[in-house]
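[1] need a structure here:
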Amino acid sequence: MNTMNNFKIISPSFTHHAYIPKIFTCDGENISPPLVWENAPKETLSFILIMKDPDAPKGTWYHWILFNIPSYIHELPETIYKLPEGTRVGKNSWGETNYGGPCPPDKEHRYFFNLYALNCLLPLDNGATYKTIEETMQAHILGQTQLMSRYKR
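    Sure thing, here's the model as predicted:
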């Protein structure tokens, strides 16, 4: 889903709609995949990255939430240990503030890496929940893009 100026997100490790490599899952090393984006709206002041699984048995499962990523950042390397200065981490569905890779308990699931360009920094701290982040960002979205992967154990 590209909504403005060909704003897009890709991964050098897998393509849109493809299977995410095992290394990025709970069956592998459970490390974060490399992500790259381009053509964000000019007015962008920050980005939000939300990785979610809408196919989880008990409803959408949030695997990774980063917000207040500075506008000059256009990629996250594989196995990111040190986040860009100012970047905040939201609480995932495990109640943690780190990346949690795909680990479907039943069947093939889809994993969406949603990237939002915002016209502000969110006045939230590390550990903010998805719900709080979503409510706070709504009036500030300049554009959004999405990368979808799949995984089956």
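[2] Any idea how many residues pack against the closest residue to Lys107 other than its chain neighbours?
    Spatial nearest neighbour of Lys107, excluding adjacent residues (C-beta to C-beta, 6 or more residues apart in numbering): Lys152 at 6.6 Å. Quick note: C-beta positions are derived from backbone N, CA and C, even for glycine. Lys152 has 10 neighbours, counted by other C-beta atoms under 10 Å.
[3] any idea how far Lys152 is from Pro104?
    From Lys152 across to Pro104, the span is 7 Å (C-beta to C-beta, to the nearest Å).
[4] show me what contacts the residue nearest to Lys107?
    Taking C-beta atoms under 8 Å, 6 or more residues apart in numbering, we find Lys152 in contact with Tyr19, Pro104, Lys107, Glu108, His109.
[5] Including secondary structure and pLDDT, could those residues go into a markdown table?
    Output for these, formatted as a markdown table (DSSP: H, G, I helix; E, B strand; the rest coil; pLDDT from 0 to 100):
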| residue | secondary structure | pLDDT |
| --- | --- | --- |
| Tyr19 | strand | 98 |
| Pro104 | coil | 96 |
| Lys107 | coil | 96 |
| Glu108 | coil | 97 |
| His109 | strand | 98 |
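[6] the helices in the chain, which residues?
    Using DSSP state H, the helices found in the chain span residues 130-137.
[7] tell me the residue furthest from the middle of it?
    Going by C-alpha atoms, centre = their mean, the residue of the chain most distant from its centre is Asp106, 22.6 Å out.
[8] can you tell me how far the closest residue to that residue other than its chain neighbours sits from Phe112?
    Ranked by C-beta to C-beta, 6+ apart and with sequence neighbours excluded, the top spatial neighbour of Asp106 is Pro57, at 6.3 Å. With distances defined as C-beta to C-beta, the gap from Pro57 to Phe112 amounts to 17 Å.
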